[in-house]
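Asker: Turn this into a structure:
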Amino acid sequence: MRDRSIQHGSPETNVLNPVQERIDLLVSLVLRFGVLVAATIGAIGLVLFFVRGPQPGDPQTLHELLTLQSGVLKTSPQAILTGLVHGQPDDIMRLGLLVLILTPTARVALTLVLFILERDVVFVSIALAVLIILVLGLAGIVGG
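Answerer: Numbering: from 1, shown residues only. As a prediction, the model looks like this:
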C-alpha cells in the first residue's frame, strides 16, 4: 500500500495514521492467515497420503503425487469437492494449493475495498484492474 505517513516535528519522524496502521495490520493478517490455512490443509493431505497409503488409481509414491505421473490432474471444483468428500489426499493437497493461490487475490480484493472506503479513485482503478486480471487468470481466460 502507498505511504500515507504524516510528518510530525522533524522531517526524519514519520508516524503512520492509526487508521492506516489498522489497515496494514488487516492486510498482513489476511496474508498470514491464508498461508497458514493453505499449509495446514496441504499438511493434512500429505499426512493422510502416508497414513492411508496408496489406493488403486491414486498416485502410488510421493514422487508420482508431486510430479502428477499417476494420470490426469483433476482441477474442476466438482472433481476436487468429490475427492474431498471421499478423503482423497491429493485433492486435499489441491485444496491447499487453491487456498494458497487465492490468498494474494483476497489481499487485492481487501485492498480494493479499503481504497473504496477511502474514496481514492486512482488506487480503486488500479486495484480493480489487478483483481480483474487475477480472476480472469484463475478462470483460465487470460494468461497461458
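
Asker: give me phi/psi at the nearest residue to Val135 once chain neighbours are set aside?
Answerer: Nearest-residue entry for Val135: Thr105, 7.2 Å, with adjacent residues in sequence omitted and distances by CB to CB, 6 or more residues apart in numbering. For glycine as for every other residue, the C-beta is placed from the backbone atoms N, C-alpha and C. Here is the backbone geometry of Thr105 (degrees, to the nearest 10): phi -60, psi -40.

Asker: give the contact list for Thr105.
Answerer: For Thr105, the contact set (CB atoms under 8 Å, 6 or more residues apart in numbering) comprises Leu131, Leu134, Val135, Leu138.

Asker: rerun at 10 Å
Answerer: Gly34, Val130, Leu131, Leu134, Val135, Gly137, Leu138 (CB atoms under 10 Å, 6 or more residues apart in numbering).

Asker: where's the first one relative to Ile92, distance?
Answerer: When distance is defined by CB to CB, to the nearest Å, Gly34 is 17 Å away from Ile92.

Asker: in this structure, which spans are helices?
Answerer: 18-52, 62-67, 77-85, 89-118, 121-138 (DSSP state H).

Asker: just the angle between the last one and helix 89-118, please?
Answerer: Looking back up the chat, that one is helix 121-138. 160 degrees (axes from the mean of the first three to the mean of the last three CA atoms, to 10 degrees).

Asker: in terms of contact count, name the helices or strands touching helix 121-138.
Answerer: Counting by 3 or more CB pairs under 10 Å, 6 or more residues apart in numbering; DSSP states H and E, the packing neighbours recorded for helix 121-138 are helix 89-118.

Asker: Please identify the buried residues of the helix it packs on?
Answerer: Under the neighbour-count criterion of 16 or more other CB atoms under 10 Å, helix 89-118 has 89-96, 98-100, 103, 105, 107-112, 114-115 buried.

Asker: Pick out whichever of the contacts of Thr105 sits closest to Val27.
Answerer: Gly34 (11.0 Å; CB to CB).

Asker: Check the gap between the closest one and Pro59 for me.
Answerer: In terms of CB to CB, Gly34 sits 26 Å off from Pro59.

Asker: Sketch out the low-pLDDT regions of the chain for me.
Answerer: 1-16, 19, 57, 65-75, 144 (pLDDT under 70).

Asker: any idea which residue sits dead centre in it?
Answerer: Thr103 (2.0 Å; CA atoms, centre = their mean).
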